[in-house]
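Visitor: return a 3D structure for these sequence lines:
(one chain, ligands or ions: 2)
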Amino acid sequence: MKRHFAALLITLVLVLRGAGPALGDATVSRSAFPQTVRVRLWYLHPPHDLRVSAGAGQAKIRRCSMCKDSGFGMLTLRASGSSIQVDGDRSLTPQLRLSGVYQMSAAGDPPIRADFPIELRADSGHLLVTASMPMEEYIAGVLAGEAGNFKSDEALKAMAVAARTFAMHFGSRHALDGFEFCDTTHCQDLRLAGIDARLRRIADSTAGEVLWYDGEPAATYYYANCAGTTEDGRYILGNDEAPAPYLVQHSDRYCIRSGGSQWQSEVSKRELQRALADDGIVVPGTLRSVSVLHRTSSGRVEFLRVVGISSVTVSGPAFRAAVGRHIGWDRLKSSLFDVNDHGDRVVFHGRGAGHGVGLCQVGAEVMGEEGHSYREILSFYYPGTKLGVAAQGIAWQQLANDDIELLTTKPDRDRTLLPVATRYLHESEESTGLVYRAKPRLKVYATVAEFRNSTGEPGWIAASTRGRTIQMQPPDTLRETGTLESTIHHELLHMLIESYARPGLPRWFREGLVLYLSAPGQAARHESATGDVALLEKRLRAPQSEEELRRSYAEACARVAQLAQQHAKDELMSWVQNGLPPELAASAGEERASSKSVR
Ligand SMILES: [Zn+2]
Ligand SMILES: [Zn+2]
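Guide: Ligands and ions are numbered 1, 2, ... in the order given. Okay, the predicted model is just below:
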C-alpha cells in the first residue's frame, strides 16, 4: 500500500468472539457470471473449408482429443462428410482444436483474427466451428454486428450493457448443441471481423455491467427505431415470461428528433398469401384484402384481418414474421403501419424499424450525442432497472438512498441495512461536526468465504474500508455476535474522520477517537492509558496477534477518553485536521495507511 494514498485504510472492528471459519474452504459463486462463452461461428452457413494462418504468437493445432498440440504456420481445413481433412492429408479426423493467435477465413467472408481456442467438427461436408471466447470479446463482436455505426460512445456503452444483459437473461438457446450462442440475430448478431479498438474499449469500460430487475438480469430487448413511441413488453414476451414493468410503453422524444423514420413498401397479394401459408396461416380461397383490425396502445398493429372466401385474424407479429421470412425483412420494417389496397397489391406506409420493445437505438444515439450518459440512456429505456457489476462471479446489485449506496448480492436480505447505515451516517456527522465528502458505499458480502476471498482479510475481520467503500461480512454473521450495528457505526465514523485527518496523525489517536466517539460512555476504563505510546503505535500498525490488536485498541480508546476529560470535544476534533499539540505529537507515527480489525 502506498503511503501517500491517504484515503486508503482498512479499519478494525473488535468483536468478542474467536476466529472465523478456517481459511481455505472453497468459495462458491452463486450467481456465476460467465467469463467465457461458447459461440457457434458461421451458424447459418457453415463453410466447406477454412484457411488458417498463424498470427504473431504461437498457433497450435490438436488433431484429436488424445493428441498433443503442435505448432503450425498455414492450414487448410476441409470438411469431408463428417470428418475433417487437414492440408489435403489422406488421414481424416472427426474433430480438432486450434488455439493461440491465428487468423481464419472462409470463402467470401472477411478474415477473423482470433486469440481464443476454437473446436471444429464436420457434418455433411460442412465445418462446425465453435469458439470459446472471453465474454467481453463476444460483446465487442455483438456491438460490431448490432451497433457498429454508432457515433456516440455513451450510446455504444448502453448497447454493450443491453447486449450483455440480454445474453445473461436469455442464456443459452443452444444448450443441446453444446454451445451458448449462435452468431445470428437469433441470439445476437455477432461480427468478429468488425471488432476494432474502439468497440473493444467500449466493451471493457462496461465490463461485467448488467441491468438488474428483481434480482435477475433484465430482458433488455432493443431494436433500431421506435419512431416516437416504444412498445409494451407484453407483446413480445412469451406467456411463460414474468411481466417486465421496465418494458413499459412510453413516448421517445429523442428518436423523433432524428426524423426520417418513414417507410413505404408493397407486396403482391399472391406473394402475401403464399408467405402466410408457408408460416401455416391459411387464407381460404384467394386473398382479396388486408386491413388492420386492432392496434396496441402504441399504435402498432396488434391484429389484422385477411380476407379470402372467408376472413382470418392474424396477429401483427405473426404477419410481420411471415412477410419477413418469406418475402424480405425490408418489407415490414416495423408493425407501426397502415395498409392500403392497390388492386392486386397491398401497400404499407409505416414508421420506425423493429419491434419497439426496450431500447431504441436511434433514440439512444440522440441521447448520447446530446450529452446523456449511458446510465441515463439505460434508465430511460429500461425504467426501474438497476445497473450492477457482476465481477469475479459476484453479481452486485445497488440499493441506494440520498445518503448511502448499498451493494449487495442479496437485496432482500440486506435491504434493512440501508436505514441502519443512514442513521449512523447522520449520527457520525453530528458527533464529529464533520460532513461526508463522498457518498459512503457499503458492500455487503453474501458469505464469509466470499468476503475473505475478495478482500484478502482473515475471517475475524468484520469489515474493512478503502476510500468511500466499506466491505462488510454478511449481516447474519455479525448479528450473531451482536456487532452488526457497531461495525457499521465504527466504519462510517472511520471513513469520515479519515477523510479529514491531517497526514501523519498518529494511528492511536485516529483509532482511539473512533472507538471513543462510537461509545463515549464505555471507553475501556480499566485499560492502561499510561503505556509507551510509541510501542502502542507500532502494535497498531503491525499487530502480532488478534489478542494484541484487541488490547492495543482498548488502550488507544482509553487514551482518547483520558484526553476527552482534559479537553473539550471541539478541541479534540480540531486536532484531526490540524494535528496533535506538540506535547502529544511526540513519537507520533508518520504513516497513515492502513489498520487491521477483529471480528
Ligand atoms: Zn442463436
Ligand atoms: Zn425511439
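
Visitor: isn't there a strand covering Thr313?
Guide: Yes: counting by DSSP: H, G, I helix; E, B strand; the rest coil, Thr313 is part of a strand.

Visitor: what's the closest non-adjacent residue to it?
Guide: Excluding its sequence neighbours, the residue lying closest to Thr313 (CB to CB, 6 or more residues apart in numbering) is Phe303, at 5.4 Å. Any C-beta I mention is one placed from the backbone N, CA and C, and that applies to glycine too.

Visitor: number of residues surrounding the one you found?
Guide: Using other CB atoms under 10 Å, the number of residues around Phe303 comes to 15.

Visitor: any idea what it is bridged to?
Guide: His294, Ser315 (DSSP bridges).

Visitor: could you shift the numbering so residue one becomes 113, and keep it that way?
Guide: Right, with 113 as the first residue, what we last looked at is Phe415.

Visitor: contacts only, for it.
Guide: Phe415 sits next to 404-406, 425-428 when contact means CB atoms under 8 Å, 6 or more residues apart in numbering.

Visitor: tell me the phi and psi of Asp308?
Guide: Note on Asp308: backbone dihedrals following degrees, to the nearest 10 are phi -130, psi -180.

Visitor: now swap in Leu384 and tell me
Guide: Dihedral pair for Leu384: phi -60, psi -40, per degrees, to the nearest 10.

Visitor: quick one: check whichever strand or helix holds Gly475 for contact with ligand 2.
Guide: Assignment of secondary structure by DSSP states H and E places Gly475 within helix 473-481. Yes: judged by CB under 5 Å from the ion, helix 473-481 and ligand 2 are in contact via Gly475.

Visitor: just checking, what packs against that helix?
Guide: Helices and strands touching helix 473-481, by 3 or more CB pairs under 8 Å, 6 or more residues apart in numbering; DSSP states H and E, are helix 265-282, helix 367-370, helix 486-493.

Visitor: chain center to it, what's the gap?
Guide: Relative to the centre of its chain, helix 473-481 is centred 21 Å away, using CA atoms, centre = their mean, to the nearest Å.

Visitor: okay, the residue nearest to Thr425: pLDDT?
Guide: Phe415 is assigned 95 on the pLDDT scale.

Visitor: can you pull the buried residues of stretch 386-404?
Guide: Of the residues in stretch 386-404, 387-388, 391, 393, 395, 399, 402, 404 count as buried by neighbour count, 16 or more other CB atoms under 10 Å.

Visitor: ok, residues contacting it?
Guide: With CB under 8 Å, 6+ apart, stretch 386-404 has contacts from 379, 381-382, 384-385, 413, 415-422, 424, 426, 430-431, 433-435, 437-439, 450-451, 453, 458.

Visitor: among those, which are in strands?
Guide: Counting by DSSP state E, the contacts of stretch 386-404 place 379, 413, 415-419, 424, 426, 450-451, 453, 458 in strands.

Visitor: are any of the residues you listed buried, and if so which?
Guide: 379, 413, 416, 418-419, 426, 451, 458.

Visitor: let's have those in TSV, adding distance to ligand 1.
Guide: As requested, those are exported to TSV (distance: CB to the ion, whole Å):
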residue	distance to ligand 1
Val379	28
Val413	27
Leu416	28
Val418	30
Val419	36
Val426	26
Val451	32
Val458	31
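
Visitor: which one of these is nearest to ligand 2?
Guide: Val413 (17.7 Å; CB to the ion).

Visitor: okay, now Asp524: neighbour count?
Guide: Asp524 has 9 neighbours, counted by other CB under 10 Å.

Visitor: the one 3 residues further on too?
Guide: Residues contacting Arg527 under the criterion other CB under 10 Å number 12.

Visitor: what's the longest helix in this structure?
Guide: Ordering each helix of the chain by length in residues (DSSP state H) puts helix 658-678 first.

Visitor: who are the packing partners of that one?
Guide: Helix 658-678 is packed against helix 619-630, helix 645-653, helix 681-690, with contacts defined by 3+ CB pairs under 8 Å, 6+ apart.

Visitor: Met245: which of those helices is closest?
Guide: Judged by CB to CB, the one of the helices and strands packed on helix 658-678 that comes nearest to Met245 is helix 645-653, at 46.0 Å.

Visitor: list the buried ones in the closest one?
Guide: For helix 645-653, the buried set under the neighbour-count rule, 16+ other CB under 10 Å, comprises 645, 648-649, 651-653.

Visitor: let me have the helices and strands packed on helix 473-481 in JSON lines, adding mean neighbour count and distance to ligand 2 as columns.
Guide: JSON lines is the format used below for the helices and strands packed on helix 473-481 (neighbours: other CB atoms under 10 Å; distance: least, CB to the ion, whole Å):
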{"stretch": "helix 265-282", "mean neighbour count": "24", "distance to ligand 2": "12"}
{"stretch": "helix 367-370", "mean neighbour count": "18", "distance to ligand 2": "3"}
{"stretch": "helix 486-493", "mean neighbour count": "22", "distance to ligand 2": "9"}
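
Visitor: which of those sits closest to Leu608?
Guide: Among these, the nearest to Leu608 by CB to CB is helix 486-493 (27.1 Å).

Visitor: so what touches that closest one?
Guide: 266-270, 273-274, 318, 323, 334, 342, 366, 470-472, 475-476, 479-480, 484, 497, 499.

Visitor: low-confidence regions, the stretch 213-362 of the chain specifically.
Guide: By pLDDT under 70, the low-scoring segments of the stretch 213-362 of the chain are 284, 326-327, 350-354.

Visitor: contacting residues for Val198?
Guide: 173, 175, 187-189, 205, 208.

Visitor: residues of the stretch 263-412 of the chain that sit close to ligand 2?
Guide: 338, 364, 367.

Visitor: of those, closest to Ile609?
Guide: Of those, the one sitting nearest to Ile609 (CB to CB) turns out to be Asp364, at 47.6 Å.

Visitor: pretty sure that closest one is touching Cys338, no?
Guide: Yes: Asp364 is within contact range of Cys338, at 5.2 Å (criterion: CB atoms under 8 Å).

Visitor: identify the contacts common to these two.
Guide: Counting by CB under 8 Å, 6+ apart, the residues touching both Asp364 and Cys338 are 472, 475.
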